Every structure is written in C-alpha cells, then in structure tokens.
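>>> Here you go, sequence then predicted model.
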Amino acid sequence: MKVKNSKRMAVYAAAMTIMAGIAFEAVAAEGPQPIGPKLTPRLKQMLSDEMLSVKQAVKQILDGLIVGDHALVATQSQQIHDSFIMERGLTEQDKKDLMKAAPPEFLVLDGAFHLTAQKLANAALQKDYELQRFYYSRLVDSCQTCHSQYATDMFPAFSGAQPEGHAH
C-alpha cells in the first residue's frame, strides 16, 4: 500500500513538474499570488483543515524529535502525508476548481511537502535521528516556501511588509 502511494506521489510530482515548466513564464511575469481568495468555500475549508492538522502534527513531531520518540515522529509524519488534499475525497468539480485556483507550481510544492513527510516517517521507522532532523528541516522549509509565495494574505510577514509598529 505504501509503495503504491509512493509511486502515485512520484507520478503526480513528475506530472506537476512538467505542468509547472509550461506555466512558469506566465507566473514569472506577474509573480506568485495568494491562492486563498481564488478557492471555493469548500476548498478553502478543506485546505484550512489540512493546514491546522499539519501545524499540530509539526509541533508533535518536534516534541518527538526532542525526546527521541520515533513512533510519535513516524505517526505524525504519516498523518501529514495522508492529509494530502489531492488524495482526499475531492469531487471532479473540486479538482477542476483547485486546478483553476492553484498554479501548477503550488501543486508541485504541496506534493513535494507531502512526499517529504513520508520520507520523515520512513526515517523515524528506521530510527535514524540524523535523517529525521534533516527531513524535519526540509518540511519546515517547505511550509515557509509555500507560505511566502502563495499565502502572503494569511502570512503578511512573508510579503516583505513591515508589521505594525516596526519601521526601518
């Protein structure tokens, strides 16, 4: 089952990479834009639920890393992997709406993020502390990369804007 999911994710990531290459010039001209405002209410709720789940799992993973709890790291990482929005009960209309709202680059980042979570889970199952720390840092990097490009409406600090009360 895990091999089948890994192969599916690899095929999906490859397809999204090809699509990203095709769409790169158009996006480069205007720069990445927040996708939240472009989502349907249903997709916005699904993505919000996924992000809340991911945030909680990332905190639990850090706790597990600190105390050497491989099982906790593996369980929470697998939960992140399994929360992949493209793998959850999206209707055909949801998929069309998501493809319309999210550029291919976003989908590539999201797919890579969930694949990294799977790699973290595997490292935890192998009880490899160093690899767990590596993939955890990659997971956090993925969050920051995506938020700085596609969620600046939710995370304005990534937009380069100064927080209120802070001036240069």
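That came through fine. Residues are numbered from 1 along each chain as shown.

>>> What helices and strands are in contact with the helix or strand hosting residue 137?
Here residue 137, judged by DSSP states H and E, is contained in helix 129-150. Secondary-structure packing of helix 129-150 (3 or more Cβ pairs under 8 Å, 6 or more residues apart in numbering; DSSP states H and E): helix 41-67, helix 70-82, helix 104-125. (C-beta placed from N, C-alpha, C; glycine too.)

>>> Quick one, which of the ones you listed gets closest to residue 96.
helix 41-67 (10.5 Å; Cβ to Cβ).

>>> So for the closest one, mean pLDDT?
Computed over helix 41-67, the mean pLDDT rounds to 93.

>>> relative to helix 129-150, how tilted is it?
Counting by axes from the mean of the first three to the mean of the last three Cα atoms, to 10 degrees, helix 41-67 points 150 degrees away from the direction of helix 129-150.

>>> quick one: buried residues of helix 41-67?
Buried residues in helix 41-67, defined by neighbour count with 16 or more other Cβ atoms under 10 Å: 43, 46-47, 50-51, 54, 57-58, 60-61, 64-65.

>>> so how far is residue 100 from residue 117?
For residue 117, the distance to residue 100 (Cβ to Cβ, to the nearest Å) stands at 26 Å.

>>> who's more crowded, the two?
Under the criterion of other Cβ atoms under 10 Å, the comparison of residue 117 against residue 100 puts residue 117 first, with 28 against 10.

>>> Tabulate the helices and strands packed on helix 129-150 (CSV), appending distance to residue 140.
Compiled in CSV, these are given as follows (distance: least, Cβ to Cβ, whole Å):
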stretch, distance to residue 140
helix 41-67, 7
helix 70-82, 12
helix 104-125, 10
